[in-house]
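Enquirer: compute the structure for the input listed below.
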Amino acid sequence: MKSIESLRYFIATVKQGSFSAAAEQLNVAVSSISRHVQQLEKEFNCPLLIRHTRRLSLTETGQHVYHQGIAICAQIDQLVDEIALHQQRVQGHVKISAPLWYGTHYIAPLLPALQQQWPDLTIYLNYSDEELDPYGADYDIYVRIEDYSDSSFIARPLQHIEYWTCASANYLATAAPLHQPTDLEQHQLLAQHFRHISTQWYFEQTQTEITTKQKIELNAAWLSSNSSLALLEAALQDGGIVLLPHHMVIAAINEKKLVRVLNEFTASPFNTTHSMALVYTKNKTQELKTKVVVEHLLAQLGQ
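Expert: Model (predicted):
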């Protein structure tokens, strides 16, 4: 085979489902993708793709080339990593997917130190909460809030995130008294939506070795969003009670733009079966570039 690059372009086309989607992912022209696929078909002297009007499908040979090609490319990448390790050099591109609030406040601040240690390493940090697909994953590392039982993934638990219940002083001045979590039923609530996780707040209080737990349903929340930044802004504009990571609200509290409430309770939007985790597929541990990023993040954020 004259060029492994053509094989990579073919694999990207199959994964993305079209020439245009593959071109967008690889940041190249559609004509370049088409040319490489045609070159590959010429080398194998048979068609690999069946080109329909709106989609592509694989021929029998194309399926074999696709699956074997993935393994071949992985072996080549591993070889490059092993040589780089021998030379004490880490290089390549690592893609991280994380929720906006966690990526902004926890992941992003750690990346400059990583770049200083490995100047040839580049990182793409994407803020999303999309479904995890171990076979078609576009990212090397994910940060997710789920209970993982899929053996295709390795899930490394991250440190517990402290949540604070907050509201603006103007809102609290005219709202009903708030002494217990059950009082929240009389308040305007701002609820963060997490995929696959029911929308509830969990409160816990320990007094004289007796722990009291309360669960608040958020079905009546007037505003719900998957964006913690949107909920923070709504709270700052007197929109109601919000439960957010303390890292996000501490500045606003210090500036007296928000007031922490129910301080005597520990609060969380998750029950005990869900926690933050650094997630990646097993084959990613063979890639040096991914390994150093995982180790760096776990050293700062791992349990």
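Enquirer: what about the residue nearest to Glu287 when sequence neighbours are not counted, distance to Thr285?
Expert: Distances taken as Cβ to Cβ, 6 or more residues apart in numbering put Asp81 closest to Glu287, at 5.7 Å, once the chain neighbours are dropped. Every C-beta, even on glycine, is put in place using the N, C-alpha and C of the backbone. Per Cβ to Cβ, to the nearest Å, Asp81 is found 11 Å from Thr285.
Enquirer: those two - which one has more neighbours?
Expert: Higher neighbour count among Asp81 and Thr285: Asp81, with 21 against 12, using other Cβ atoms under 10 Å.
Enquirer: tell me what the helix or strand hosting the more buried one is packed against?
Expert: Assigned by DSSP states H and E, Asp81 belongs to helix 60-86. The contact analysis (3 or more Cβ pairs under 8 Å, 6 or more residues apart in numbering; DSSP states H and E) places helix 60-86 against helix 4-16, helix 30-44, strand 92-98, helix 288-301.
Enquirer: okay, those in CSV with distance to Trp118 and mean neighbour count next?
Expert: Formatted as CSV, the helices and strands packed on helix 60-86 follow (distance: least, Cβ to Cβ, whole Å; neighbours: other Cβ atoms under 10 Å):
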stretch, distance to Trp118, mean neighbour count
helix 4-16, 23, 20
helix 30-44, 29, 17
strand 92-98, 9, 20
helix 288-301, 6, 18
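Enquirer: nearest to Tyr66, out of those?
Expert: When those are compared by Cβ to Cβ, helix 4-16 sits nearest Tyr66, at 5.1 Å.
Enquirer: buried set for the following helix or strand past the closest one?
Expert: Moving toward the C-terminus from helix 4-16, the next helix or strand (DSSP H and E) is helix 19-26. For helix 19-26, the neighbour count (16 or more other Cβ atoms under 10 Å) marks Phe19, Ala21, Ala22, Ala23, Leu26 as buried.
Enquirer: now helix 19-26: mean pLDDT?
Expert: On average, the pLDDT along helix 19-26 is 88.
Enquirer: between helix 30-44 and it, find me the angle.
Expert: Calculated by axes from the mean of the first three to the mean of the last three Cα atoms, to 10 degrees, helix 19-26 forms an angle of 110 degrees with helix 30-44.
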